[in-house]
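Engineer: Pasted the sequence and its predicted model underneath.
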Amino acid sequence: MVARSFVAVLLSAPATVALVGLFLAATPPAEALRMPSLLMVFPVWVAIACASYLIPTARWAAAALIGFSLVGFGLIELLKRTSVVGV
């Protein structure tokens, strides 16, 4: 249980940054959306950390969160390289 808690707390933070960053990169630059989406970081972080307990083992949870983070940051980088966004 300690390993699963360690994975949930530490690996859900990059996944949260990737998810919120992908949302900010995919939406048009509007000042009205920036602050509410940044305020959603903590609830999204808690939701992802809680959802990682639904995965049967700590090893699978770590792999899922690392994969989710890599895909999220990869999509952000792809959006930047294709000049879709000006981040």
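Structural biologist: Good, I have the coordinates.

Engineer: In this protein, what residue spans correspond to helices?
Structural biologist: Per DSSP state H, the chain carries helices over the ranges 2-26, 31-39, 41-51, 58-81.

Engineer: can you redo those as JSON lines with mean neighbour count?
Structural biologist: C-beta here means a position set from N, CA and C on the backbone, and glycine is covered the same way. Converted to JSON lines, the helices of the chain look like this (neighbours: other C-beta atoms under 10 Å):
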{"stretch": "helix 2-26", "mean neighbour count": "17"}
{"stretch": "helix 31-39", "mean neighbour count": "10"}
{"stretch": "helix 41-51", "mean neighbour count": "15"}
{"stretch": "helix 58-81", "mean neighbour count": "16"}
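
Engineer: Quick one: these as TSV, columns for mean pLDDT too.
Structural biologist: As requested, the helices of the chain are exported to TSV (pLDDT from 0 to 100):
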stretch	mean pLDDT
helix 2-26	89
helix 31-39	82
helix 41-51	93
helix 58-81	92
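
Engineer: how close does the residue nearest to V71 when sequence neighbours are not counted sit to V44?
Structural biologist: Closest residue to V71 apart from its sequence neighbours, by C-beta to C-beta, 6 or more residues apart in numbering: A18 at 7.7 Å. Using C-beta to C-beta, to the nearest Å, A18 is found at 10 Å from V44.

Engineer: Isn't the residue nearest to V71 up against S69?
Structural biologist: Yes. A18 is within contact range of S69, at 5.0 Å (criterion: C-beta atoms under 8 Å).

Engineer: Give the intersection of the neighbour lists for these two.
Structural biologist: Common contact partners of A18 and S69 (C-beta atoms under 8 Å, 6 or more residues apart in numbering): none.
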